[in-house]
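Student: sequence first, predicted model second:
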Amino acid sequence: MQFKSHARSLALALSLALVAGCSSTGGTQDGSMDGTRNGGTGTGTGVAGTGQVSGTGIGADGDRAGQQADGRIPEVRTIYFDFDRDNIRSEFESVLVAHARYLRSNGSARVVLQGHTDERGTREYNMALGERRANSVKRFLEVQGVSPSQLEVVSYGEERPAVRGNNDEAYAQNRRVVFAY
């Protein structure tokens, strides 16, 4: 069991290093965590418009994760959560700051924060958890100065998985909030 944890950590670290080291003009729109379609396994079913995943956002270019220098919508539109948690992980704060900056400078822009969960738990519990996750993102954005009128929260719970599967990797990709502009 410990080996599996180390292997997963290594795979995640390598994926983050790859994402951080690559310059991109676009991004995947299928919600994959490693920048490849369907999570690189061929088993996923991408959800159009979910966006690409960021690494830590720390690097030579400062907090550029998810930002567009020309005022476009940030390309990173999905953030991920730990199992049964609704608190925002520190590696996604720069992504949220980029979205807050975009929304503040574009007062007519609106975004739907779509909360998702993995399939574990009851349908009712997962709907509530997805809503708590989306509301956590909403509160973060409001603290950053985004108008509440620009934000809408919706929970899909376990109903719209980014990846199908009954393993830790699939679960991790399904525990997310998606920015739908």
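Tutor: All right, it came through fine. Numbers count the residues shown, from 1 in each chain.

Student: low-scoring stretches of the chain, by residue?
Tutor: Low-confidence segments of the chain, defined by pLDDT under 70: 1-70.

Student: what sits against residue 110?
Tutor: Contacts for residue 110 (Cβ atoms under 8 Å, 6 or more residues apart in numbering) come out as 149, 150, 151, 152, 181. (Glycine included, C-beta is placed from N, CA and C.)

Student: what do you get for residue 107?
Tutor: Neighbouring residues of residue 107 by Cβ under 8 Å, 6+ apart: 147, 150.

Student: how about residue 119?
Tutor: With contact taken as Cβ under 8 Å, 6+ apart, residue 119 is in contact with 126, 158, 161, 166, 171, 174.

Student: my guess is the first one contacts residue 160, does it?
Tutor: No - contact criterion Cβ atoms under 8 Å: residue 126 and residue 160 do not qualify, at 11.2 Å.

Student: and residue 115, how far from residue 107?
Tutor: Look at residue 115 and residue 107: by Cβ to Cβ, to the nearest Å, they are 24 Å apart.

Student: ok, residue 85 next?
Tutor: Going from residue 85 to residue 107 by Cβ to Cβ gives 32 Å.

Student: one more: residue 125?
Tutor: As for residue 125, its distance to residue 107 is 36 Å (criterion: Cβ to Cβ).

Student: which SS class is residue 125?
Tutor: Under DSSP: H, G, I helix; E, B strand; the rest coil, residue 125 falls in the helix class.

Student: report how many residues lie close to it.
Tutor: If you count neighbours by other Cβ atoms under 10 Å, residue 125 ends up with 14.

Student: so of the contacts of residue 110, which ones are in strands?
Tutor: 151, 152 (DSSP state E).
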